[in-house]
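1. sequence and predicted structure below; questions after.
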Amino acid sequence: QELRKDKQSEQFNEDGTEFSSISPRWFRPVILAANFSLFFVYLGMEIGYGAYVFALSVEMFDFDISKAALLTTVFWAVFSIGRIGGVICSYLGLSPTKILTINFSLGIFSTLLMLVFPSATMLWITSALYGYALSSVFPSAISLAEELINVDGKAASTFVVGGALGEMAVPLMIGYLFENPNIGPSSLLYLNFVGSIAATLIFIFILYM
(Lines give C-alpha, C1' and ligand atoms only; values in the text may rest on other atoms or scores of the structure.)
Protein backbone atom coordinates (compact mmCIF):
# COMPACT_ATOMS: atom_id res chain seq x y z
CA GLN A 1 0.00 0.00 0.00
CA GLU A 2 1.17 3.49 -0.79
CA LEU A 3 2.16 5.75 2.07
CA ARG A 4 0.04 8.93 2.32
CA LYS A 5 0.85 12.31 3.76
CA ASP A 6 -2.70 12.98 4.88
CA LYS A 7 -3.47 14.15 8.41
CA GLN A 8 -5.78 11.20 9.02
CA SER A 9 -2.78 8.89 8.82
CA GLU A 10 -1.01 10.41 11.83
CA GLN A 11 -1.96 7.74 14.36
CA PHE A 12 0.30 7.06 17.34
CA ASN A 13 0.69 4.56 20.17
CA GLU A 14 0.52 5.71 23.78
CA ASP A 15 4.31 5.94 23.92
CA GLY A 16 4.29 8.33 20.97
CA THR A 17 5.55 5.94 18.32
CA GLU A 18 3.73 5.87 15.00
CA PHE A 19 1.93 2.62 14.34
CA SER A 20 0.09 3.43 11.12
CA SER A 21 0.78 5.74 8.21
CA ILE A 22 -1.76 4.27 5.84
CA SER A 23 -4.86 6.32 4.97
CA PRO A 24 -8.24 4.69 4.27
CA ARG A 25 -8.67 3.58 0.66
CA TRP A 26 -11.53 6.03 0.13
CA PHE A 27 -9.62 9.08 1.38
CA ARG A 28 -7.52 9.86 -1.69
CA PRO A 29 -10.36 9.51 -4.27
CA VAL A 30 -12.63 11.71 -2.15
CA ILE A 31 -9.98 14.41 -1.80
CA LEU A 32 -9.29 14.27 -5.53
CA ALA A 33 -13.01 14.56 -6.33
CA ALA A 34 -13.42 17.48 -3.93
CA ASN A 35 -10.45 19.32 -5.42
CA PHE A 36 -11.70 18.58 -8.94
CA SER A 37 -14.97 20.28 -7.98
CA LEU A 38 -13.18 23.17 -6.29
CA PHE A 39 -11.04 23.92 -9.33
CA PHE A 40 -14.07 23.56 -11.60
CA VAL A 41 -15.97 26.22 -9.65
CA TYR A 42 -13.01 28.48 -8.93
CA LEU A 43 -11.55 28.68 -12.44
CA GLY A 44 -15.02 28.92 -13.92
CA MET A 45 -15.74 31.98 -11.76
CA GLU A 46 -12.37 33.55 -12.49
CA ILE A 47 -12.62 33.25 -16.26
CA GLY A 48 -16.35 33.95 -16.31
CA TYR A 49 -16.11 37.20 -14.37
CA GLY A 50 -13.03 38.36 -16.24
CA ALA A 51 -14.78 37.72 -19.55
CA TYR A 52 -18.17 39.25 -18.74
CA VAL A 53 -17.48 42.13 -16.34
CA PHE A 54 -16.95 44.37 -19.38
CA ALA A 55 -20.40 43.54 -20.77
CA LEU A 56 -21.96 43.75 -17.31
CA SER A 57 -20.66 47.28 -16.74
CA VAL A 58 -21.84 48.46 -20.18
CA GLU A 59 -25.30 46.89 -20.16
CA MET A 60 -26.22 47.21 -16.50
CA PHE A 61 -24.42 50.38 -15.42
CA ASP A 62 -24.07 52.29 -18.72
CA PHE A 63 -20.26 52.40 -18.74
CA ASP A 64 -18.65 53.60 -21.93
CA ILE A 65 -16.17 51.32 -23.65
CA SER A 66 -13.03 52.94 -22.23
CA LYS A 67 -14.41 52.87 -18.68
CA ALA A 68 -15.49 49.25 -19.02
CA ALA A 69 -12.05 48.31 -20.33
CA LEU A 70 -10.44 50.07 -17.37
CA LEU A 71 -12.67 48.14 -14.98
CA THR A 72 -11.56 44.85 -16.55
CA THR A 73 -7.95 45.98 -16.21
CA VAL A 74 -8.50 46.80 -12.52
CA PHE A 75 -9.91 43.32 -11.90
CA TRP A 76 -6.94 41.55 -13.51
CA ALA A 77 -4.40 43.96 -12.02
CA VAL A 78 -5.63 43.35 -8.48
CA PHE A 79 -5.77 39.64 -9.27
CA SER A 80 -2.07 39.73 -10.22
CA ILE A 81 -1.13 41.78 -7.16
CA GLY A 82 -3.06 39.35 -4.97
CA ARG A 83 -1.25 36.38 -6.50
CA ILE A 84 2.09 37.98 -5.65
CA GLY A 85 0.79 38.84 -2.18
CA GLY A 86 -0.21 35.21 -1.67
CA VAL A 87 3.34 34.10 -2.48
CA ILE A 88 4.73 36.59 0.04
CA CYS A 89 2.25 35.49 2.72
CA SER A 90 3.16 31.87 2.11
CA TYR A 91 6.86 32.71 2.36
CA LEU A 92 6.21 34.48 5.67
CA GLY A 93 4.61 31.34 7.04
CA LEU A 94 0.87 31.83 6.50
CA SER A 95 -0.63 28.40 5.91
CA PRO A 96 -2.68 27.48 2.82
CA THR A 97 -5.70 26.98 5.07
CA LYS A 98 -5.52 30.55 6.38
CA ILE A 99 -4.91 32.02 2.94
CA LEU A 100 -7.89 30.13 1.50
CA THR A 101 -10.06 31.16 4.44
CA ILE A 102 -9.28 34.81 3.67
CA ASN A 103 -9.88 34.26 -0.06
CA PHE A 104 -13.25 32.56 0.27
CA SER A 105 -14.49 34.91 3.00
CA LEU A 106 -13.60 37.90 0.85
CA GLY A 107 -15.23 36.25 -2.16
CA ILE A 108 -18.55 35.82 -0.35
CA PHE A 109 -18.36 39.34 1.09
CA SER A 110 -17.60 41.05 -2.23
CA THR A 111 -20.24 39.19 -4.26
CA LEU A 112 -22.90 39.69 -1.58
CA LEU A 113 -22.02 43.39 -1.34
CA MET A 114 -22.60 43.84 -5.05
CA LEU A 115 -25.95 42.03 -4.88
CA VAL A 116 -27.19 44.11 -1.96
CA PHE A 117 -25.85 47.49 -3.13
CA PRO A 118 -25.72 47.37 -6.95
CA SER A 119 -24.20 50.59 -8.31
CA ALA A 120 -21.42 51.74 -10.62
CA THR A 121 -19.24 52.77 -7.66
CA MET A 122 -19.80 49.48 -5.90
CA LEU A 123 -18.90 47.62 -9.09
CA TRP A 124 -15.44 49.19 -9.02
CA ILE A 125 -14.94 48.29 -5.36
CA THR A 126 -16.29 44.76 -5.53
CA SER A 127 -14.45 43.94 -8.77
CA ALA A 128 -11.17 44.80 -7.05
CA LEU A 129 -12.11 42.83 -3.93
CA TYR A 130 -13.28 39.87 -6.00
CA GLY A 131 -10.09 39.89 -8.03
CA TYR A 132 -8.06 39.71 -4.83
CA ALA A 133 -10.33 37.00 -3.43
CA LEU A 134 -9.69 34.77 -6.46
CA SER A 135 -5.98 35.48 -6.76
CA SER A 136 -4.41 32.94 -4.39
CA VAL A 137 -6.95 30.12 -4.58
CA PHE A 138 -5.20 28.01 -7.22
CA PRO A 139 -1.71 27.75 -5.65
CA SER A 140 -3.05 27.59 -2.10
CA ALA A 141 -5.53 24.82 -2.94
CA ILE A 142 -2.73 22.76 -4.47
CA SER A 143 -0.56 23.35 -1.38
CA LEU A 144 -3.43 22.26 0.85
CA ALA A 145 -3.94 19.13 -1.24
CA GLU A 146 -0.24 18.31 -0.86
CA GLU A 147 -0.69 18.36 2.91
CA LEU A 148 -3.43 15.75 2.65
CA ILE A 149 -2.35 13.40 -0.13
CA ASN A 150 0.57 12.65 -2.41
CA VAL A 151 0.01 14.99 -5.36
CA ASP A 152 1.54 12.99 -8.20
CA GLY A 153 1.03 13.41 -11.93
CA LYS A 154 -2.41 11.80 -11.90
CA ALA A 155 -3.61 14.03 -9.08
CA ALA A 156 -2.29 17.16 -10.78
CA SER A 157 -3.99 16.10 -14.01
CA THR A 158 -7.27 15.72 -12.13
CA PHE A 159 -6.98 19.29 -10.85
CA VAL A 160 -6.11 20.65 -14.29
CA VAL A 161 -8.98 18.81 -15.99
CA GLY A 162 -11.42 20.08 -13.37
CA GLY A 163 -10.24 23.64 -13.89
CA ALA A 164 -10.32 23.33 -17.68
CA LEU A 165 -13.89 22.04 -17.66
CA GLY A 166 -14.88 24.90 -15.37
CA GLU A 167 -13.26 27.41 -17.71
CA MET A 168 -15.46 26.10 -20.52
CA ALA A 169 -18.73 25.31 -18.76
CA VAL A 170 -19.18 28.27 -16.39
CA PRO A 171 -18.61 31.06 -18.95
CA LEU A 172 -20.94 29.20 -21.32
CA MET A 173 -23.62 29.16 -18.63
CA ILE A 174 -23.05 32.84 -17.88
CA GLY A 175 -23.34 33.71 -21.56
CA TYR A 176 -26.60 31.81 -21.90
CA LEU A 177 -28.14 33.49 -18.86
CA PHE A 178 -26.67 36.86 -19.85
CA GLU A 179 -28.61 36.79 -23.10
CA ASN A 180 -31.80 35.50 -21.50
CA PRO A 181 -34.26 38.43 -21.37
CA ASN A 182 -35.83 37.08 -18.18
CA ILE A 183 -32.54 37.17 -16.28
CA GLY A 184 -30.06 39.39 -18.11
CA PRO A 185 -26.66 40.72 -16.99
CA SER A 186 -27.49 40.47 -13.29
CA SER A 187 -27.11 36.70 -13.69
CA LEU A 188 -23.34 37.21 -13.47
CA LEU A 189 -23.68 38.68 -9.98
CA TYR A 190 -25.91 35.86 -8.77
CA LEU A 191 -23.70 33.15 -10.24
CA ASN A 192 -20.62 34.69 -8.64
CA PHE A 193 -22.31 34.67 -5.25
CA VAL A 194 -23.54 31.09 -5.65
CA GLY A 195 -20.10 30.05 -6.90
CA SER A 196 -18.42 31.67 -3.90
CA ILE A 197 -20.73 29.81 -1.53
CA ALA A 198 -20.16 26.52 -3.38
CA ALA A 199 -16.36 26.91 -3.36
CA THR A 200 -16.40 27.72 0.36
CA LEU A 201 -18.51 24.66 1.17
CA ILE A 202 -16.13 22.43 -0.80
CA PHE A 203 -13.19 23.98 1.05
CA ILE A 204 -14.85 23.28 4.41
CA PHE A 205 -15.56 19.71 3.33
CA ILE A 206 -11.88 19.20 2.46
CA LEU A 207 -10.75 20.68 5.76
CA TYR A 208 -12.92 18.43 7.90
CA MET A 209 -12.42 15.19 5.98
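-> Cool, got the structure.

2. tell me where this structure has strands.
-> 11-12, 18-20 (DSSP state E).

3. from residue 102, how far off is residue 85?
-> Distance, residue 85 to residue 102, using C-beta to C-beta, to the nearest Å: 10 Å. Where you see a C-beta, it was placed from the backbone N, CA and C, and this is true even at glycine.

4. pLDDT on stretch 183-199, on average?
-> Per-residue pLDDT values across stretch 183-199 average out to 92.

5. would you mind pulling the contact partners of it?
-> Here stretch 183-199 makes contact (C-beta atoms under 8 Å, 6 or more residues apart in numbering) with 38, 41-42, 44-45, 48-49, 52-53, 55-56, 59-60, 104, 107-108, 111-112, 114-115, 118, 130, 133, 137, 170, 173-174, 177-178, 180.

6. just the buried residues of it, please?
-> Within stretch 183-199, the residues scored as buried using 16 or more other C-beta atoms under 10 Å are 185-189, 191-193, 195-199.

7. centroid-nearest residue for the protein?
-> In the chain, the centroid-proximal residue (C-alpha atoms, centre = their mean) is residue 42; its distance is 3.4 Å.

8. next one, pLDDT for that residue please.
-> 92.

9. likewise residue 133?
-> Looking at residue 133, the pLDDT reads 94.

10. what of residue 3?
-> 37.

11. for the remainder of this discussion, apply numbering that starts at 565.
-> I'll keep to 565 as the first residue from here, and by that count the last item is residue 567.

12. for the chain, which element, helix or strand, carries the lowest mean pLDDT?
-> When the helices and strands of the chain are scored by mean pLDDT, DSSP states H and E, strand 582-584 comes last with a mean of 39.

13. chain neighbours aside, what residue packs nearest to residue 744?
-> Distance criterion C-beta to C-beta, 6 or more residues apart in numbering; nearest residue to residue 744, sequence neighbours excluded, is residue 751 at 7.2 Å.

14. show me the shaky parts of the protein.
-> For the chain, the stretches with pLDDT under 70 are 565-587.

15. which residues sit against stretch 678-696?
-> If you take C-beta under 8 Å, 6+ apart as the criterion, stretch 678-696 is touched by 613, 617, 620-621, 624-627, 635, 638-643, 645-646, 649, 670-671, 673-675, 677, 750, 753-754, 756-757.

16. from those, list the buried ones, please.
-> Counted by 16+ other C-beta under 10 Å, these give 613, 617, 620-621, 624-625, 627, 635, 638-639, 642-643, 646, 670-671, 674-675, 677, 750, 753, 756-757 as buried.

17. how near is residue 648 to residue 665?
-> Separation of residue 648 from residue 665 (C-beta to C-beta): 19 Å.

18. in the protein, which spans are helices?
-> Assigned by DSSP state H, the chain shows helices spanning 591-625, 629-655, 660-680, 684-699, 701-712, 717-743, 750-771.

19. buried ones in the longest one, by neighbour count?
-> For helix 591-625, burial by neighbour count (16+ other C-beta under 10 Å) applies to 591-592, 595-596, 598-622, 624-625.

20. do the same with the shortest one
-> Neighbour-count burial for helix 701-712 flags 701, 702, 704, 705, 706, 707, 708, 709, 712 (criterion: 16+ other C-beta under 10 Å).
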